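Engineer: Provide a 3D model corresponding to the input given below.
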Amino acid sequence: MTTEKTGSETGVPRAETPGTPTGHDAETDISPSMLRRAVIASCAGSFVEYYDFAVYAALTPAIASTFFSATDRVSGLLSTLGIFALAFVARPLGGLVWGRFGDKIGRQTTLVSVILLMSVSTAAIGLLPSYETIGVLAPLLLVILRVLQGVSAGGELPGATIFVAESAPNHRRGYFVSWIGVSITCATLAGLLTAALLAALLSTESLNSWGWRIPFLLALPLGLVGLYIRVKLDESPAFRLARKAEATFQSPLPEVLGKASMYRRMAVTGLLGAGAFLGYYIMMIYMPTLLTSELGFDSGDGLLAICAGGAAIVVLGPPMGILSDRYGRRRVLVSAAVGLIVFTYPSFLLLDTGNFLAAVAALILLAIPVSAGQAVYVTAALERFPTSIRYTAFGISYNVFGLIGGTAAYVSTFLVAQTGTTYAPAFYLMAVAVVVLLTTLRVPETASRPLESA
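Structural biologist: Residues are numbered from 1 along each chain as shown. Next up, the predicted model:
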């Protein structure tokens, strides 16, 4: 068995050199350059996925004007938002389909297929004819492409995190996986800033007619770069070991869907991430609406405040991963849940002042527990499943409970409308965090242990 020692724990991920046991077989140890490439390749796909979702949300009015009748603007907006949510509904199907392939034929081949489908379907949206050109066929084609995006997204993040986790040394798994969370937040910020830049440079007419297409077309070259990197990857060491030991199934679905105990494990695993899902989407997707429509912030100031919160998540993610490697996943996740319970209401109080600096402080404060949950949850979750069914079980769990995040903007908007108070989303997030806390306290610690093979 080879040994490794800890490298730099800040900045760009560095692979290990000999010194500390990793739990990998010598025959399947991954080289430092391949580990870095695994992280970069995984981050690239996650970036494309979340960039698209942010761009779509930010450019909803322009997309609505293109694909729906101009005579009913409100119905067009609602339909466009409904199609946005449809991609989240399709994600569990993607987790099921890609998870089966990932556990049967391998992680690397599956991730190559996922990023190809994602990039092509995203770019194709930028090429779709308008409602004026082809009538009702335009929104129908948009629905089909969004479903394809949702299916591909359902296999992307579970597969990317699993690939990195199965390639990383046991004692630094949380740190390396946390970089995927960094890429997600960077992608969301890039999507929001791209949409804001287009809105600033183009007239409303130009933005609605052709400008909104540019960000979607950019997904193709971004995806091709990620595709090139992924094609060059070897299979993950853990999957190679499982396949060599004949610990993989011809069809993993019966092992996942045919046992009541597995349903309970997937439910508990999904609940571990509910607070991170909800907190992140309230911060990055719902907050623009809250700040500008409800609290009277200028759109530019609102975007800057959100970028400050997003930047805090980016900076804090890897240190949170390091803490989870050193002190355990459960301690960090418990701290994240407690942080959401304690910090959320004061954050909304600061937002309610209408002051820009107070809003920045509020979002940075909220970013602390959100970053902890986002950085550590996926590692803690995938460690709960054996290699033979990890992609399938984690993919289903992650995508089903990910609907909590996907519906965050809708539920928050509904709660504000029904209660008449802008604090309603805060109470919603705090209630979910209580459930997460109680769930996390009951799960065993998994940090630094070799991944279970079967």
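Engineer: can you tell me which residue is nearest the centre of the protein?
Structural biologist: Centrality entry for the chain: nearest residue to the mean C-alpha point is Ile184, 5.6 Å, by Cα atoms, centre = their mean.
Engineer: if I've got this straight, that residue is in a strand?
Structural biologist: No: under DSSP: H, G, I helix; E, B strand; the rest coil, Ile184 falls outside any strand and is assigned helix.
Engineer: dump the residue contacts of it.
Structural biologist: With contacts defined as Cβ atoms under 8 Å, 6 or more residues apart in numbering, Ile184 is in contact with 46-47, 50, 157, 374. (Each C-beta comes from the backbone N, C-alpha and C, glycine too.)
Engineer: Tyr391 now?
Structural biologist: 98-100, 102-103, 107, 110, 158-159, 162, 252.
Engineer: Name the residues of stretch 215-233 that are buried.
Structural biologist: 215-216, 218-220, 222-227, 229-230, 233 (16 or more other Cβ atoms under 10 Å).
Engineer: out of these, who's nearest Ser347?
Structural biologist: Pro215 (29.5 Å; Cβ to Cβ).
Engineer: Find the nearest non-adjacent residue to the closest one, please.
Structural biologist: Spatially, and ignoring its direct neighbours in sequence, Pro215 is nearest to Val55 (4.3 Å; Cβ to Cβ, 6 or more residues apart in numbering).
Engineer: Leu291 is in contact with Ala362, isn't it?
Structural biologist: No: with contact defined as Cβ atoms under 8 Å, Leu291 does not reach Ala362; the gap is 10.1 Å.
Engineer: Now for those two: what residues contact both?
Structural biologist: With Cβ under 8 Å, 6+ apart, Leu291 and Ala362 have common neighbours 305, 351.
Engineer: What ranges does the stretch 201-350 of the chain have for its helices?
Structural biologist: 204-206, 213-231, 237-244, 253-257, 260-272, 274-281, 287-289, 299-327, 329-351 (DSSP state H, counting those that start in this stretch).
Engineer: just the stretch 351-454 of the chain next, same as before
Structural biologist: Counting by DSSP H, counting those that start in this stretch, the stretch 351-454 of the chain has helices at residues 356-382, 390-401, 403-406, 408-419, 424-440.
Engineer: what angle separates the longest one from helix 390-401?
Structural biologist: It stands for helix 356-382. Inter-element angle recorded for helix 356-382 and helix 390-401: 140 degrees (by axes from the mean of the first three to the mean of the last three Cα atoms, to 10 degrees).
Engineer: Run through the residues that contact Ser178.
Structural biologist: By Cβ under 8 Å, 6+ apart, the neighbours of Ser178 are 317-318, 320-322, 324, 375-376, 379.
Engineer: Same list (those) but as TSV, adding neighbour count.
Structural biologist: Listed next are those as TSV, based on neighbours: other Cβ atoms under 10 Å:
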residue	neighbour count
Gly317	27
Pro318	23
Met320	26
Gly321	30
Ile322	19
Ser324	28
Ala375	31
Val376	32
Thr379	28
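Engineer: returning to what we had before: highest average neighbour count across the helices of the stretch 201-350 of the chain?
Structural biologist: helix 274-281 (a mean of 27; mean count of other Cβ atoms under 10 Å).
Engineer: Now do the phi/psi pair for Glu445.
Structural biologist: Backbone torsions of Glu445, given as degrees, to the nearest 10, read phi -80, psi 140.
Engineer: pretty sure it contacts Arg330?
Structural biologist: Yes: counting by Cβ under 8 Å, Glu445 does reach Arg330; the two are 5.1 Å apart.
Engineer: how many other residues sit next to Pro450?
Structural biologist: 12 (other Cβ atoms under 10 Å).
Engineer: Chain neighbours aside, what residue packs nearest to Thr66?
Structural biologist: Ser130 (4.8 Å).
Engineer: list the contacts for that neighbour?
Structural biologist: So Ser130 contacts 66-67, 138 (Cβ under 8 Å, 6+ apart).
Engineer: Against Gly82, how distant is it?
Structural biologist: Distance, Ser130 to Gly82, by Cβ to Cβ, to the nearest Å: 19 Å.
Engineer: before we move on, the earlier item: and of the contacts of Ser130, the nearest to Leu272?
Structural biologist: Phe67 (37.2 Å).
Engineer: what's around that closest one, how many residues?
Structural biologist: 26.
Engineer: again with Leu201
Structural biologist: 10.
Engineer: Next up, the contacts around Val378.
Structural biologist: Here Val378 is in contact with 157, 161, 177, 180-181, 273, 398 (Cβ under 8 Å, 6+ apart).
Engineer: where does the protein have low pLDDT?
Structural biologist: In the predicted model of the chain, residues 1-30, 69-81, 84, 245-250, 453-454 satisfy pLDDT under 70.
Engineer: Now render the contacts of Ile184 as CSV, adding secondary structure.
Structural biologist: Listed next are the contacts of Ile184 as CSV, based on three-state DSSP:
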residue, secondary structure
Ser46, helix
Phe47, helix
Tyr50, helix
Leu157, helix
Gln374, helix
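Engineer: Most widely separated two among the residues you listed?
Structural biologist: The widest separation within the contacts of Ile184 (Cβ to Cβ) is 14.8 Å, between Phe47 and Gln374.
Engineer: which parts of stretch 98-112 are buried?
Structural biologist: In stretch 98-112, counting by 16+ other Cβ under 10 Å, buried: 98-104, 106-112.
Engineer: Rebuild these as CSV, extending it with secondary structure and distance to Leu189.
Structural biologist: Rendered in CSV, the data for those read as follows (DSSP: H, G, I helix; E, B strand; the rest coil; distance: Cβ to Cβ, whole Å):
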residue, secondary structure, distance to Leu189
Trp98, helix, 26
Gly99, helix, 29
Arg100, helix, 33
Phe101, helix, 31
Gly102, helix, 29
Asp103, helix, 33
Lys104, helix, 36
Gly106, coil, 32
Arg107, helix, 28
Gln108, helix, 29
Thr109, helix, 31
Thr110, helix, 28
Leu111, helix, 24
Val112, helix, 27
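Engineer: quick check, nearest of those residues to Ser42?
Structural biologist: Closest to Ser42, out of all of these and judged by Cβ to Cβ, is Leu111, at 7.6 Å.
Engineer: and the residue lying closest to that closest one once chain neighbours are set aside, what is it in contact with?
Structural biologist: Once flanking residues are discounted, Leu111 sits nearest to Gly159: 5.0 Å by Cβ to Cβ, 6+ apart. For Gly159, the contacting residues are 98, 102, 107, 110-111, 114, 391, 395, by Cβ under 8 Å, 6+ apart.
Engineer: Find the residue closest to Val411 in space, skipping its chain neighbours.
Structural biologist: In space, and not counting its chain neighbours, Val411 is closest to Tyr428: 6.6 Å by Cβ to Cβ, 6+ apart.
Engineer: so of the helices of the stretch 351-454 of the chain, which one's packed in deepest?
Structural biologist: Taking mean count of other Cβ under 10 Å, helix 390-401 is the most buried of the helices of the stretch 351-454 of the chain, at a mean of 28.
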